[in-house]
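A.B. asks: All I have is the shape, not the residue letters:
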């Protein structure tokens, strides 16, 4: 690869763009929100944020795809927040009702995380009713509200709340982002970057056993990035920069980013920064020493030699 091509790819990976997001469902929904509410107030390669839209204090669409099993398996990636002071004694009870309820006592705000604004509105309305004493913080009550909303979709009825204007028409039964068929389909495929390895039982249902693809082979040979031919180069570079790989030697000392090299440094061992720091100095020493035994030539070029950490 020519240096100019590599520089262009690096610049593209650093520039905030939906091209740098990993999850197509999150991209699609974020673009749907843009269509109705305009460009986000904040945008990065990890999330899009709108302030003060559609009855919410803040809406965040994140580049993620979180499996959530209540009341049935689906995936979460959009967050909605409102100002609401929750008494301390209700926090644990609400948390038991749903892992999608996010309480911040310092900010006096409550968030909901799901796959649509409609589901978030249902969750936040439940929190409003609990804090005002209109209903009890019981999981069965929360789940019945979600199920009831879904049934309205199935019956062609639009879900409505007094405080939520639904300016995007998200609760319309014709909306492609939140229908029963869409949620069901989500549980039948693997998300981007993963592949199916058989089936497994989850929440009483047979779903694909999705495992992370292992074809990505990051090797930094003292300054030379080496990628196998079958890789999608842009995807690999994007992931590499997000992970912030670092290098270290047999002394266990982290010497800087992968790709760099000091005079007389010798063959480094490279790992994502989070993993390298979590190992501790002693384990980094052992790992780097093993790397040098298996791949001693600091100036070797060509296909990567992966050495088990």
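C.D. replies: Yes, it's here. Values in this document were obtained by computation on a predicted structure and should not be read as measured data.
A.B. asks: Which other helices and strands does the strand ranked longest in the chain contact?
C.D. replies: Across the chain, the longest stretch assigned as strand under DSSP state E is strand 56-68. Under the contact criterion of 3 or more Cβ pairs under 8 Å, 6 or more residues apart in numbering; DSSP states H and E, strand 56-68 touches helix 24-37, strand 47-53, strand 74-83, strand 109-114, helix 117-131. (C-beta placed from N, C-alpha, C; glycine too.)
A.B. asks: at 10 Å instead, please
C.D. replies: helix 24-37, strand 42-43, strand 47-53, strand 74-83, strand 109-114, helix 117-131 (3 or more Cβ pairs under 10 Å, 6 or more residues apart in numbering; DSSP states H and E).
A.B. asks: packing partners for the helix or strand hosting residue 275?
C.D. replies: Assigned by DSSP states H and E, residue 275 belongs to helix 273-294. Here helix 273-294 touches helix 233-243, strand 245-248, strand 254-257, strand 269-272, going by 3+ Cβ pairs under 10 Å, 6+ apart.
A.B. asks: which residues touch the second one?
C.D. replies: Contacts made with strand 245-248 from outside it, assessed by Cβ atoms under 10 Å, 6 or more residues apart in numbering, are listed as 218, 220, 222-223, 239, 253-262, 265, 267-277, 279, 281, 284-285, 287-288, 291.
A.B. asks: run the last query once more with 7 Å
C.D. replies: Strand 245-248 has contacts (Cβ atoms under 7 Å, 6 or more residues apart in numbering) with 218, 220, 254-258, 260, 268-273, 276, 284, 288.
A.B. asks: Only the buried residues of that strand, if you could.
C.D. replies: 245-248 (16 or more other Cβ atoms under 10 Å).
A.B. asks: Wasn't residue 197 part of a helix?
C.D. replies: No. Counting by DSSP: H, G, I helix; E, B strand; the rest coil, residue 197 falls outside a helix, being strand.
A.B. asks: OK, contacts around it?
C.D. replies: 209, 211.
A.B. asks: run the last query once more with 8 Å
C.D. replies: 209-211 (Cβ atoms under 8 Å, 6 or more residues apart in numbering).
A.B. asks: Now which of the contacts of strand 245-248 would you call buried?
C.D. replies: Looks like the contacts of strand 245-248 have 218, 220, 254, 258, 268-272, 276, 284, 288 buried, using 16+ other Cβ under 10 Å.
A.B. asks: Give me the buried subset of the contacts of residue 197.
C.D. replies: Among the contacts of residue 197, the ones that count as buried by 16+ other Cβ under 10 Å are residue 210.
A.B. asks: would JSON lines of the contacts of residue 197 with pLDDT be doable?
C.D. replies: Shown next, in JSON lines, are these (pLDDT from 0 to 100):
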{"residue": "209", "pLDDT": "72"}
{"residue": "210", "pLDDT": "73"}
{"residue": "211", "pLDDT": "72"}
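A.B. asks: Using JSON lines, please lay out the contacts of residue 197 together with secondary structure and distance to residue 137.
C.D. replies: Below are the contacts of residue 197 laid out as JSON lines (DSSP: H, G, I helix; E, B strand; the rest coil; distance: Cβ to Cβ, whole Å):
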{"residue": "209", "secondary structure": "strand", "distance to residue 137": "34"}
{"residue": "210", "secondary structure": "strand", "distance to residue 137": "33"}
{"residue": "211", "secondary structure": "strand", "distance to residue 137": "37"}
